[in-house]
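J.: Predicted model, plus sequence, below.
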Amino acid sequence: MPETQISNGFSEPRLVVRKFLARPQHEGVGAIVRRSIGRFELKYFDPFLVLDEFSVSAPAGFPDHPHRGFETVTYMLQGAVQHEDFEGHKGSIEAGDLQWMTAGRGIVHSEMPAATGVQKGLQLWINLSSKNKMIEPRYQEIESKNIVEATKDGIKVRVIAGEALGKKSPVYTKTPTMYLDFTLSPGAHLQQPIPIEWNAFVYVLEGEGVFGNPKNLPTTAHHLLLLGSGDGLEAWNKSLKPLRFVLVGGEPLGEPVVQLGPFVMNTQEEIDRTIEDYENCINGFEKAKYWKSEVLRF
Ligand code: FJE
Ligand code: FE
């Protein structure tokens, strides 16, 4: 064993440096989100712009709106969301499914409930580097049954992006990103490597878990934990119920960010041009001219 490496397997285990409770707020049309990243106290956690735990019931939703300059990653937890964009791309994202949407130079779309009852999920906005902001839009969609899973020693992981317990996700991430959905049985202990130079966070979905330092108090659902520097995360489920959380990490871009709602660029000038492009339906927004989603057509 190299001498810098201690018995837990990490030379520098990451500790929790900040903790936020994401309280419900209104977004879209009648929808509720618990926003952790993207709120006033945490405007940006490079490369992450927004993390919303959303909850929508018909007729609430996110009708026709644009995006430019980043990716939206929608991971459904319960129910389903119907999406439809200005190119005619549509479908429903059901519980356990993933939609990794690279908006690039422009997408206009709607995201609405596709079932009765409450639809729940996570939506993460990942910034794109200046060289990728104006790329062609693309989708990577993976149905729940095709999401890579691994199980070991009371740990179950669904590999949304990156690699865990020896299994790799096929998702291609323009901005290098890992996204892991962990469920730890009571008593389970996780050791997950994280690239040392990346920013990383934990968002707790269910149960309670101890993260970073084994002496920490447990963290419960709807909390975001920002992790400090280091090469891996340790987590423990010391409770009697399952613990579910996502661990997300990404390589920081280190670039200036100028954001106007759903448009995220590097300079004010680029934002001004984006507003012009959107208003005039040019430079990627051509198809917005005659398009309305089904929800708004009647
Ligand atoms: C958006 C307000 C919004 N979080 N989580 C302003 F609500 C949105 C938006 C969403 C969104 C959609 C889903 Cl399905 C889940 C979300 C915000 O659509 F894009 C802007 N600009
Ligand atoms: Fe959207």
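T.: Thanks, I have it. Ligands and ions are numbered 1, 2, ... in the order given.
J.: Could you list the low-pLDDT ranges of this structure?
T.: Low-confidence regions of the chain, defined by pLDDT under 70, span residues 1-8, 298.
J.: That one against ligand 1: which residues are in contact?
T.: 27-28, 33, 52, 54, 62, 65, 74, 81, 111, 123, 261-262 (C-beta under 6 Å from any ligand atom). Where C-beta positions appear, they are placed from N, C-alpha and C, glycine not excepted.
J.: Now flag whichever of those is closest to Pro137.
T.: Nearest to Pro137 out of the residues of the chain next to ligand 1 is Pro262 (C-beta to C-beta; 13.3 Å).
J.: ranges for the helices of the protein?
T.: Assigned by DSSP state H, the chain shows helices spanning 268-280, 294-297.
J.: Can you tell me which of these is most buried?
T.: Ranked by mean neighbour count, these are led by helix 268-280 with a mean of 15 (mean count of other C-beta atoms under 10 Å).
J.: For that helix, which helices and strands make contact with it?
T.: Other helices and strands packing on helix 268-280, by 3 or more C-beta pairs under 8 Å, 6 or more residues apart in numbering; DSSP states H and E, are strand 258-260, strand 263-265.
J.: what lines up beside the first one in the sheet?
T.: The partner list of strand 258-260 in its sheet, established with DSSP bridges, is strand 263-265 (antiparallel).
J.: what does the partner strand rub up against?
T.: Contacting residues not belonging to strand 263-265 are listed as 49, 66-70, 125, 127, 133, 257-259, 271, 274-275, 278 [C-beta atoms under 8 Å, 6 or more residues apart in numbering].
J.: how much distance is there from it to the middle of the chain?
T.: Its chain's C-alpha centre and that of strand 263-265 lie 17 Å apart, by C-alpha atoms, centre = their mean, to the nearest Å.
J.: Check stretch 244-251 too.
T.: On C-alpha atoms, centre = their mean, the centre of stretch 244-251 falls 8 Å from that of its chain.
J.: What would that stretch look like as CSV? C-alpha coordinates only.
T.: Below are the C-alpha coordinates for stretch 244-251, written out as CSV (Å, rounded to 0.1, in the frame of the first residue of the first chain):
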residue,chain,number,x,y,z
ARG,A,244,-31.1,7.1,-0.7
PHE,A,245,-29.0,10.0,-2.0
VAL,A,246,-27.4,11.2,-5.2
LEU,A,247,-23.7,11.9,-5.4
VAL,A,248,-22.9,14.3,-8.3
GLY,A,249,-19.5,15.6,-9.3
GLY,A,250,-18.1,17.7,-12.2
GLU,A,251,-15.0,19.3,-13.5
